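[1] test case, fold it:
(one chain, ligands or ions: 1)
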Amino acid sequence: MATTNVTAVTEDLDPSVDELRSLYRQLVLIREFEQAALDLYARAQIFGIAHVSIGQEAVPVGVCSALGADDYITSTHRGHGHCLAKGADPGRMFAELFGRAAGYCGGKGGSMHIADPSTGNLGANAIVGGSLGIATGAALGAKLSGSGLVAVCFFGDGAANQGILLEVMNMAAIWSLPCVYVCEDNQYGEYTPKQAVTAGDLGDRAEALGVEVRRVDGMDVLAVRAAARGAVAKARAGEGPQFLLCETYRFLGHGMSDRDRRYRTRQEEAEWRARDPIAGAAEVLRSRHAMAVDEAAIRAEVADEIRQAIESARAEAFPDPEAVSRNVYAD
Ligand SMILES: Cc1ncc(C[n+]2csc(CCOP(=O)(O)OP(=O)(O)O)c2C)c(N)n1
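    Now for the predicted structure:
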């Protein structure tokens, strides 16, 4: 099976200035949302725990830009970006983080369990690898019903070592399911470097099952978008499951308590920060459109949207105590 390498900005896509502006805005929206979440967590206003994806924004934005509104995604414990890129409302997301009844899961799910069926988001999942089976099931449903929809599954390099991935990719390949497996290879699973726990190349595992693999610069939103477009088109056309291996990096710690990151060097972090996907997208805007888009204005507009989302979420009520176990167990 041929491997497609997508590494640089691809000219053939030639995104319009409006498309570029929209991609840039989404990258900034995810960054601002998560920075605000970090700040709220530090002030003990967010319940439970949260994992931010700062640095990884190009993957959800690039992939979701290749999807239709009804296509499915499943997400991970590091899922704010996937959720926002698929169209979730930041106000309802903050309401969920604040434990309010107006949140996506009635305030009971928190950061790691946001689902938004109205945008095709079948849910984030704190069980590492848990969303792989859900996406594959959604792809099976799409195939059997002839809906023409595609299911995308986001997961980390750590999750790729769970046995379920091989099981579901095997089924997806046998049945030619419209599923796109998107591995966000951010180099670490909690505090463990990938090399310590992962044999060989993750893409080779998919290739061994006859699943087409695209290896992508996950810091480049246009490269991700190009690869995702190719993969989604093939999956939708009935050509079977596809695998995107996106090389990326989380700039911060695994979770809120991981402050010193002793398992990696500041030098390594600086090298990845130099490839910041937001700065990269801004550079494309500048070079291709001669500053046609005012980055500062977009940032200010997004910061305002986030401020309003937090304010409206904070004004919402907490759930009724009697609703605590509702929708938690199957009846
Ligand atoms: C089945 C399972 N095992 C272990 C954990 C604890 N855990 C939470 S996140 C994580 C690391 C996951 O790494 P990766 O899939 O690469 O995602 P990343 O955090 O890098 O985004 C682990 C082991 C869990 N939540 N679920």
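
[2] point out where this structure drops to low pLDDT.
    1-14, 289-293, 331 (pLDDT under 70).

[3] residues contacting Ala151?
    With contact set as CB atoms under 8 Å, 6 or more residues apart in numbering, Ala151 has these partners: 71-74, 122, 135-136, 138-139, 142, 177-180. In short, each C-beta sits where N, CA and C put it, glycine included.

[4] between those residues, which is closest to Leu244?
    For the contacts of Ala151, the minimum distance to Leu244 (CB to CB) is 6.6 Å, reached by Val180.

[5] SS state for the closest one?
    Secondary structure, DSSP: H, G, I helix; E, B strand; the rest coil: Val180 is strand.

[6] quick check: longest helix in the protein by residues?
    When the chain is scanned for its longest helix (criterion: DSSP state H), the result is helix 17-42.

[7] let me see the ranges of the strands in this structure.
    Counting by DSSP state E, one finds strands in the chain at the ranges 3-6, 72-74, 151-156, 179-185, 188-189, 192-193, 212-217, 242-247.

[8] what does the second one contact?
    With CB under 8 Å, 6+ apart as the contact definition, strand 72-74 has outside contacts at 64, 67, 82, 86, 120-125, 131-132, 134-135, 138-139, 142, 149-154.

[9] how far does stretch 151-168 sit from its chain's centre?
    14 Å (CA atoms, centre = their mean, to the nearest Å).

[10] wait, does that stretch make contact with the ligand?
    Yes - Stretch 151-168 reaches the ligand (CB under 6 Å from any ligand atom) through Gly156, Asp157, Gly158, Ala159.

[11] among the strands of the chain, which is nearest Tyr329?
    Closest approach to Tyr329 among the strands of the chain is made by strand 72-74 (21.3 Å; CB to CB).

[12] for the closest one, what is the distance to the chain centroid?
    Taking CA atoms, centre = their mean, the mean C-alpha location of strand 72-74 is offset from the chain mean by 10 Å.

[13] can you list the residues of the chain near the ligand?
    With the criterion set to CB under 6 Å from any ligand atom, the chain comes near the ligand through 76-78, 126-128, 156-159, 186, 188-190, 254.

[14] now do 8 Å
    Neighbours of the ligand within the chain, by CB under 8 Å from any ligand atom: 51, 53, 56, 76-78, 126-130, 155-160, 162, 184-190, 194, 250, 254-255.

[15] in helices only, show me those residues.
    Gly130, Lys194.

[16] drop anything exposed from the residues of the chain next to the ligand.
    Buried members of those, scored by 16 or more other CB atoms under 10 Å, are 51, 53, 56, 76-78, 126, 128-130, 155-160, 184-189, 194, 250, 254-255.

[17] one step back: buried sites along the longest helix of the chain?
    Applying 16+ other CB under 10 Å to helix 17-42 flags 20-21, 23-34, 36-38, 40-41 as buried.

[18] spit out the contact partners of the residue most central in space within the chain.
    Here the mean C-alpha position of the chain is nearest to the C-alpha of His82 (CA atoms, centre = their mean), at a distance of 3.3 Å. Each residue near His82 by CB under 8 Å, 6+ apart is listed here: Pro60, Cys64, Ile73, Ser75, Thr76, Asn121, Ala124, Phe154.

[19] how far away is it from the ligand?
    According to CB to the nearest ligand atom, to the nearest Å, His82 and the ligand sit 11 Å apart.

[20] now do the contacts for the residue in the stretch 1-150 of the chain that the ligand sits nearest to.
    The minimum distance from the stretch 1-150 of the chain to the ligand, using CB to the nearest ligand atom, falls at Val128 (3.7 Å). Under the criterion of CB under 8 Å, 6+ apart, the contact list for Val128 reads Thr76, His77, Phe155, Gly156, Gly158, Ala159, Gln162, Gly189.

[21] repeat the analysis, applying 10 Å as the threshold.
    Thr76, His77, Phe155, Gly156, Gly158, Ala159, Ala160, Asn161, Gln162, Ile164, Gly189, Glu190 (CB atoms under 10 Å, 6 or more residues apart in numbering).

[22] bridged to the residue lying closest to the fifth one once chain neighbours are set aside, which residues?
    The reference is to Gly158. Once flanking residues are discounted, Gly158 sits nearest to Gly189: 2.7 Å by CB to CB, 6 or more residues apart in numbering. Here Gly189 sits in beta bridges with Thr192, going by DSSP bridges.

[23] ok, Gly189 touching Gln195?
    No - using CB atoms under 10 Å, Gly189 makes no contact with Gln195, being 11.1 Å away.

[24] re the thing from before, which one of the strands of the chain lies nearest to Ala228?
    Proximity to Ala228 (CB to CB) singles out strand 242-247 among these, at 6.4 Å.

[25] without its sequence neighbours, what residue ends up closest to Thr74?
    Spatial nearest neighbour of Thr74, excluding adjacent residues (CB to CB, 6+ apart): Ser131 at 3.5 Å.

[26] so who does Ala309 touch?
    Applying CB under 10 Å, 6+ apart to Ala309 gives the contacts Leu29, Glu32, Phe33, Ala36, Asp89, Pro90, Gly91, Arg92, Met93, Phe94, Ala95.
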